[in-house]
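Colleague: Output the structure for:
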Amino acid sequence: MKHRGAAALSFASGFLSLSQEILWVRLVSVGAHSLPQSFALVLGSYLAGIAYGALIGAWVCRNRTRLLAAAGEVLLLAMVMDCVAPCLFVALVDSVGWVPLVLVLVSLSAALRSVAFPIVHHLGSEASERVGASISNIYFANVMGATLGPIVTGFFLLDVLGLQQAFLVINLLSGVVGLACLVADGSRMALRAGAAALTVAVAALLALPETLMHSLTTAPHGLGSNWRFTPAALGRPNHIIENRQGIIQTYAWPHGDVVYGANVYDGTVNVDAHVLNNGILRAYMLPVLRPQAKRVLVIGLSTGAWARVLTTLPALQEMDIVEINPGYLKLIAQYPEVAPLLHDPRVHIHIDDGRRWLLRHPEQTYDVVLMNTTFHWRSNITLLLSHDFLTIAQQHMAPGALLYFNATDSMDALYTAATLFQHAYSVSNFVLASDQDETPNLKPEVATAHLATLRWPETGKPLFDFSLPADQNVARLVPAIGLVDMPTALSHITRLPEVITDQNMITEYRHGPGLLGKGEQ
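Modeller: Next up is the predicted model:
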């Protein structure tokens, strides 16, 4: 084999191997409900598989004479294996558990593709009189492929294809490279078998319906499900939106569809204060506490229900919403309860990371900063709960402003906020922080007066008619949620709270569910 051919095969090996790893990270992350340990487990399994595959490749080099044919056969076998392995993961994850499945399936996937690497070294060094330069070129080609694979797959392929189709595309490319090796070797029998396998893969790519994510997001998997809405109880998702930022799925529900992000409960499409299935009364606390808010910042759009409630503030002039996943805009457009958000001239939606957007707009200040984000144990949530981030958010708060964020009952999040603000309260599973005492405003008569000023912006229709008993009940229920001061809230835990920082990711690792589903949640 010519030196350039060996370098090309080395490039393809790196590209396909790391592309496949990116896809496995996505699949396992969804199956594991975005636990931060899922990435480490996939990476560790992949590295173990690469090491084992290299040993097999060395054995092949010692015992096979037609090495190019051997490389082609292994790549075709990898194609077949990686068409089956994701389906096995989805089918067995509830009975076997996601940890052992990752250890077996991901290691095997990595091992098959890494067998080719020692082979291309052998072929490249045999074809060149300058062995050192040849090995350097082989390594360089592999590193370039391994670098471009995650970029192409993670940033482009997953943005235009679903995960199932992305798996099939990478598998198809593996088959094409394997078939090219057999053609170059001239092995007719293997070539026929490879062509048949490749034909089956192409047919699967063109004909198979999208079932992988529908199946994976239907079963409960035992972690991360909101107690009201488990996927097993909700049935199959009625919408799945996939892009490079993640996967969003929705489930039909009588009082507003339930939304999950990467298989974790993310909200319900409901803005009605009389329907309490998504805790929407917590959103109505803000008009009671800051009825004259003119500028509002929302980090994390999700279903848009909370932002939609805040658009009814009578004094609202501008609302900035920062959401990292544009898929939620497609979702919101399908629901008339929240779709007006997309056309409200006061609302500006920015597709960006919350921290990055704030750092890029240091001049912006707000009367209310709302973060209705996700569970405190999910991967990367520290970036929105840490002392570091709350300091950045505080710098964007006008005098007298308040910060209101979802801590999902994390006492460490409450304690962290209390180190920055004079007053920090637990509000159900939220944290409310400001530099003034908020308790005098939370009375039924005050709530009634302020809630009476709320109007839907497109029609001017009041949200409430307090001559009706049901609306009078809302005015009682909102202040009844209560503001629990930090000493009282922390008196219920048995350990000392800690400050969350960018380097002290305690809610994700120390006090999260962990690999075995245990620990504080």
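Colleague: now the stretch 251-400 of the chain, which segments are flagged as low pLDDT?
Modeller: Residue ranges of the stretch 251-400 of the chain with pLDDT under 70: none are present.
Colleague: ditto for the chain
Modeller: In the chain, residues with pLDDT under 70: 1-4, 125-132, 187, 189-191, 194, 201, 204-209, 219-234, 516-521.
Colleague: tell me, which strand in it spans the most residues?
Modeller: The single longest strand within the chain, with elements called by DSSP state E, is strand 397-406.
Colleague: Tell me the helix or strand right after it.
Modeller: Per DSSP states H and E, the first helix or strand lying C-terminal to strand 397-406 is helix 411-418.
Colleague: count of neighbours near Arg244?
Modeller: 17 (other CB atoms under 10 Å). The C-beta positions use only the backbone N, C-alpha and C, and glycine is treated the same way.
Colleague: ok, now how distant is Tyr404 from Asp353?
Modeller: 20 Å (CB to CB, to the nearest Å).
Colleague: between these two, which one's more packed in?
Modeller: For Tyr404 and Asp353, the more surrounded residue by other CB under 10 Å is Tyr404, and the numbers stand at 23 against 17.
Colleague: Just grab the bridge partners of that one for me.
Modeller: Leu370, Leu432 (DSSP bridges).
Colleague: Wait, Met486 touches Thr419, no?
Modeller: No: shown here, Met486 and Thr419 do not form a contact pair, counting by CB atoms under 8 Å, at 10.2 Å.
Colleague: quick one: contacts for Leu483?
Modeller: Shown in contact with Leu483 (CB atoms under 8 Å, 6 or more residues apart in numbering): Tyr425, Ser426, Val427, Leu432, Glu438, Thr439, Leu442.
Colleague: Spatially, which residue comes closest to it, not counting chain neighbours?
Modeller: Nearest in space to Leu483, with sequence neighbours left out and distances taken as CB to CB, 6 or more residues apart in numbering, is Tyr425 at 4.0 Å.
Colleague: Pull the distance from the strand or helix carrying the one you found to the chain's centre.
Modeller: Using DSSP H and E, Tyr425 maps to strand 423-427. Chain-centre distance of strand 423-427: 28 Å, with CA atoms, centre = their mean, to the nearest Å.
Colleague: Pull the residues that contact it.
Modeller: Contacts for strand 423-427 (CB under 8 Å, 6+ apart): 282, 285, 404, 407, 414, 417-418, 431-438, 481-486, 489.
Colleague: mind listing what's buried in it?
Modeller: Along strand 423-427, these residues count as buried under the neighbour rule (16 or more other CB atoms under 10 Å): His423, Ala424, Tyr425, Ser426, Val427.
Colleague: now those residues as CSV including distance to Asp272?
Modeller: As requested, these are exported to CSV (distance: CB to CB, whole Å):
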residue, distance to Asp272
His423, 30
Ala424, 30
Tyr425, 25
Ser426, 25
Val427, 20
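Colleague: Which of the residues you listed sits closest to Ala111?
Modeller: Lowest distance from Ala111 to the buried residues of strand 423-427 (CB to CB) belongs to Ser426, with 49.3 Å.
Colleague: domain parsing for the chain?
Modeller: 3-211, 232-268, 280-490 (automatic domain parsing).
Colleague: In TSV, list these along with distance to Leu515.
Modeller: Compiled in TSV, these are given as follows (distance: least, CB to CB, whole Å):
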stretch	distance to Leu515
domain 3-211	5
domain 232-268	16
domain 280-490	12
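Colleague: Gly512: which of those domains is closest?
Modeller: Gly512 lies closest to domain 280-490 among those, at 3.3 Å (CB to CB).
Colleague: circling back: distance-wise, check the residue nearest to Leu483 relative to Asn406.
Modeller: 14 Å.
Colleague: Give me the common contacts of these two.
Modeller: With CB under 8 Å, 6+ apart as the test, Tyr425 and Asn406 both reach Val431.
Colleague: Excluding chain neighbours, give the residue nearest to Tyr509 in space.
Modeller: The shortest distance from Tyr509 to any residue other than its chain neighbours is 6.4 Å, reached at Pro36 (CB to CB, 6+ apart).
Colleague: residues near that neighbour, how many?
Modeller: So Pro36, with other CB under 10 Å, has 20 neighbours.
Colleague: got it, and Asp257?
Modeller: The number of residues near Asp257, taken as other CB under 10 Å, comes to 22.
Colleague: relative to strand 397-406, how tilted is the helix or strand where Ile392 lies?
Modeller: Take DSSP H and E as the rule and Ile392 turns out to sit in helix 387-394. Compare the direction of helix 387-394 with that of strand 397-406 by axes from the mean of the first three to the mean of the last three CA atoms, to 10 degrees and you get 130 degrees.
Colleague: So what touches helix 387-394?
Modeller: Residues from elsewhere that reach helix 387-394 (CB under 8 Å, 6+ apart): 354-355, 358-359, 369, 371, 383, 403, 416-417, 419-421, 433, 499-502.
Colleague: of those residues, buried ones?
Modeller: Counted by 16+ other CB under 10 Å, the contacts of helix 387-394 give 354-355, 358, 369, 371, 383, 403, 416-417, 420-421, 433, 499-500 as buried.
Colleague: Gly57: which of the residues you listed is nearest?
Modeller: For the buried ones among the contacts of helix 387-394, the nearest to Gly57 is Leu383 (39.7 Å; CB to CB).
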